[in-house]
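Engineer: next come a sequence and a model predicted from it.
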Amino acid sequence: MDIAEEQKRSRSRKQYGKYSPSWVVSNHANASGATMELLGRIRSGVRKSEWKALIQYTESTEKEFEHILPASISSMHKKEVYGKETSERIYELARLFGMGYEVFDSKADFKNWLKTPLRTLGGNPPFDLLDSSLGFEMVQNEIGRIKYNVYG
């Protein structure tokens, strides 16, 4: 099933709570118009169940994101609601995956791209840069270049 079909299906089932990280991935185009709602969700904290749903939706593992998150996976397991810094990073991941799924043909293609060293990123795989906000911005800019066929 391609990304567009999956997004339609998930919207029709209302599988994810509005403004949850998974909702941001599957509704990337609409999420930019919900900035204040997303800010409120970040401030109130992402629930553990929402984090688990994002992991499942992106077909990832917690271990893959360990170097990106400001909290250790073991400490995240102990909490039901995450702090602002961790919640913000989770939403950054959701926005990035939403962008990537919009541009790439499949989840697998996007995840492969994240692990591929790129000359435009100093020979680093995009995924390795996601441990900082500046790194997120660089990777988002790269996805934008791909979307609009602008090569560096």
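Structural biologist: Cool, got the structure. Residues are numbered from 1 along each chain as shown.
Engineer: so residue 124 sits right up against residue 118, yeah?
Structural biologist: Yes: with contacts counted by CB atoms under 8 Å, residue 124 reaches residue 118, the gap being 7.0 Å. (C-beta placed from N, C-alpha, C; glycine too.)
Engineer: for residue 85, the count of nearby residues, please.
Structural biologist: 12 (other CB atoms under 10 Å).
Engineer: so who does residue 136 touch?
Structural biologist: The neighbours of residue 136, taking CB atoms under 8 Å, 6 or more residues apart in numbering as the test, are 92, 96, 129, 130.
Engineer: residue 56: which of those is nearest?
Structural biologist: In terms of CB to CB, no member of those lies closer to residue 56 than residue 96, at 17.0 Å.
Engineer: can you check the pLDDT for that closest one?
Structural biologist: Per-residue confidence (pLDDT) for residue 96: 97.
Engineer: tell me which element it is part of?
Structural biologist: Assessed by DSSP states H and E, residue 96 sits inside helix 84-103.
Engineer: same check on residue 108?
Structural biologist: Using DSSP H and E, residue 108 falls within helix 107-114.
Engineer: check which helices and strands that helix sits against.
Structural biologist: With contacts defined as 3 or more CB pairs under 8 Å, 6 or more residues apart in numbering; DSSP states H and E, helix 107-114 has these neighbours: helix 84-103.
Engineer: buried sites along the helix or strand hosting residue 38?
Structural biologist: Using DSSP H and E, residue 38 falls within helix 35-44. Across helix 35-44, burial judged by 16 or more other CB atoms under 10 Å covers 38, 41, 42.
Engineer: a markdown table for these, including pLDDT?
Structural biologist: As requested, those are exported to a markdown table (pLDDT from 0 to 100):
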| residue | pLDDT |
| --- | --- |
| 38 | 94 |
| 41 | 95 |
| 42 | 96 |
